[in-house]
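Enquirer: show me how the following folds:
(one chain, ligands or ions: 1)
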Amino acid sequence: MKHTRIIVTHYGGPDALQVLEEECPEPKDREVRVRVLAAGVSLPDVMAREGVHPETPPVPFTPGWDLVGVVDRLGASISGIEPGQIVAAMPISGAYAEFVCLPQRELVPVPSGLDAAEAVCLVLNYITAYQMLHRSAKVRPGQRVLIHGAAGGVGSALLQLGRLAGLEMYGTCSSRGALAVSDLGAIPIDYQHQDFVKEIHRLTSGGGVDVVFDGIGGTHMWRSRKALRPGGKVVVYGLTSSLRGGRLASGRSGRRNRFHGIPVFGLYIVGGWLLPSRKRVVPYSIQWLKRLRPAWFRQDLIALLDLLQQQKIKPLITRRFPLAEARQAQELLGKGGVTGKIVLVLNGSSLESGAA
Ligand SMILES: NC(=O)c1ccc[n+]([C@@H]2O[C@H](COP(=O)([O-])OP(=O)(O)OC[C@H]3O[C@@H](n4cnc5c(N)ncnc54)[C@H](OP(=O)(O)O)[C@@H]3O)[C@@H](O)[C@H]2O)c1
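Expert: All right, here's what the predicted structure looks like:
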């Protein structure tokens, strides 16, 4: 049986994404074959295509951090899971495919009746948001937080979970995302026309915020530190500033550079510890926390699936694309101004329901 997957043929722009038809993979010992229903499209996918994400595989590779699918075939030595079960997984690469074989331990059962596209938003974006709020920052009701890129995939997840946690929230965004940010309960700050440090001090009468969530990276982290109250914390988790218009901001594309930006992270983290005023910069990485604490990943995803089932969270999906249009999906994300998440939907998972 044939199936389709997307491959990145070289490090670079969207033209590096090609559609490949080949034989369906067979599950090995302890593996399960999953028929993918939905795969997320995220900035880490774009950064891996450009060769600058720390998890970038060698080319050619199939992108796609997160998926929801149906168990299709069992390899040898598998028990406790049956064909037809809906599951979620975060393989980091490989999700832009009709079928994928994964170790059984990577699969988390998804309750029936959920929309696969909404459920896939939980795997990368909501776990990132949930763990940063509750495991890194350990937020308490009434605390003030600043969320950068608040209209984006992780940003909108932080807002929904931050509201449930009873936080007072401020969110930077471009003017296109302001309405979504205020609808999700935060005060929007237009990062293109306002100085967010001044705005935070004005809005908090000089007090500053308890926590800043900074996925922008680079020198931006230092400015985030200035928005803190003494004793506050910046949680740093991304390098959005390394991209412009969906391409490398430096213009130096075409090679695998997995440690791009990491030294700057290190410098600011150490600087945060050494300088006075007890303001700390702490890093967060979903993949490293999953490697160190796989039980937390599973536990947090189950908690989030429960919140989705109870309709306490509702992921924003900007647009659903068929798998063969992965390139257009990444181009749209790269252009910016996207509210929430873009999802690839496959194998009869509804393209229409909830599509904008
Ligand atoms: N460490 C981890 O475990 C982890 C996990 C997931 C994601 N990430 C990282 O998180 C970041 C966000 O990923 P995503 O998939 O959520 O991306 P996304 O959906 O594209 O969101 C990024 C948002 O940032 C906004 N933005 C861009 N420049 C900004 C600036 N200078 N100030 C404030 N906002 C700005 C964009 O707004 P406009 O387009 O309107 O300008 C967009 O809404 C990426 O760097 C990604 O690598 C890290």
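
Enquirer: all contacts plus neighbour counts: C-alpha atoms, from now on.
Expert: Fine.

Enquirer: for this protein, where's the lowest mean pLDDT among helices and strands?
Expert: When each helix and strand of the chain is scored by mean pLDDT, DSSP states H and E, helix 262-274 comes last, with a mean of 76.

Enquirer: is that one anywhere near the ligand?
Expert: No: using C-alpha under 6 Å from any ligand atom, no contact is recorded between helix 262-274 and the ligand, whose separation bottoms out at 11.7 Å.

Enquirer: give me every residue in this structure lying close to the ligand.
Expert: Contacts of the chain with the ligand, taken as C-alpha under 6 Å from any ligand atom, map to 42-44, 124-125, 128, 148-149, 151-155, 172-174, 176-177, 191, 215-216, 237-240, 284-286, 333, 336-338, 340-341.

Enquirer: give me the buried entries from these.
Expert: Neighbour-count burial (16 or more other C-alpha atoms under 10 Å) applied to the residues of the chain next to the ligand gives 42-44, 124-125, 128, 148-149, 151-155, 172-174, 177, 215-216, 237-240, 284, 286, 333, 338, 340-341.

Enquirer: quick one on the thing from earlier: tell me the gap between the very next helix or strand once past the least confident helix or strand of the chain and the middle of its chain.
Expert: As assigned by DSSP states H and E, the chain's next helix or strand after helix 262-274 is strand 280-283. From the chain centre to the centre of strand 280-283 is a distance of 19 Å (C-alpha atoms, centre = their mean, to the nearest Å).

Enquirer: and what of stretch 162-181?
Expert: Relative to the centre of its chain, stretch 162-181 is centred 17 Å away, using C-alpha atoms, centre = their mean.

Enquirer: check stretch 223-233 too.
Expert: Relative to the centre of its chain, stretch 223-233 is centred 24 Å away, using C-alpha atoms, centre = their mean.

Enquirer: just the CA coordinates for that stretch, please, in PDB.
Expert: The C-alpha trace of stretch 223-233 is given here as PDB (Å, rounded to 0.1, in the frame of the first residue of the first chain):
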ATOM      1  CA  ARG A 223      14.200  43.800  27.700                       C
ATOM      2  CA  SER A 224      11.700  41.300  29.100                       C
ATOM      3  CA  ARG A 225      13.800  41.200  32.300                       C
ATOM      4  CA  LYS A 226      13.200  45.000  32.600                       C
ATOM      5  CA  ALA A 227       9.500  44.400  32.700                       C
ATOM      6  CA  LEU A 228       9.800  42.200  35.900                       C
ATOM      7  CA  ARG A 229       9.200  43.200  39.500                       C
ATOM      8  CA  PRO A 230      12.200  42.400  41.800                       C
ATOM      9  CA  GLY A 231      12.200  38.700  42.400                       C
ATOM     10  CA  GLY A 232      10.300  38.000  39.100                       C
ATOM     11  CA  LYS A 233      11.200  35.500  36.400                       C
END
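
Enquirer: just the buried positions in it, please.
Expert: Taking 16+ other C-alpha under 10 Å as the criterion, stretch 223-233 shows S224, R225, K226, A227, L228, R229, P230, G232, K233 as buried.

Enquirer: which residues are contacting that stretch?
Expert: Applying C-alpha atoms under 8 Å, 6 or more residues apart in numbering, the external contacts of stretch 223-233 come out as 137, 196-198, 200-201, 207-212, 214, 234, 277-282.

Enquirer: can you do 7 Å?
Expert: For stretch 223-233, contacts defined as C-alpha atoms under 7 Å, 6 or more residues apart in numbering pick out 197, 200-201, 207-212, 234, 277-281.

Enquirer: output stretch 338-346 in CSV with nothing but the alpha carbons.
Expert: Only the C-alpha atoms of stretch 338-346 are listed here, as CSV (Å, rounded to 0.1, in the frame of the first residue of the first chain):
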residue,chain,number,x,y,z
VAL,A,338,-1.7,34.1,12.2
THR,A,339,-4.0,33.8,15.2
GLY,A,340,-3.7,30.5,17.0
LYS,A,341,-2.6,27.4,15.1
ILE,A,342,-2.4,26.0,11.6
VAL,A,343,-3.2,22.3,11.2
LEU,A,344,-2.8,19.7,8.5
VAL,A,345,-5.8,17.4,8.3
LEU,A,346,-5.8,14.0,6.7
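
Enquirer: could you find the closest non-adjacent residue to R73?
Expert: R33 (5.0 Å; C-alpha to C-alpha, 6 or more residues apart in numbering).
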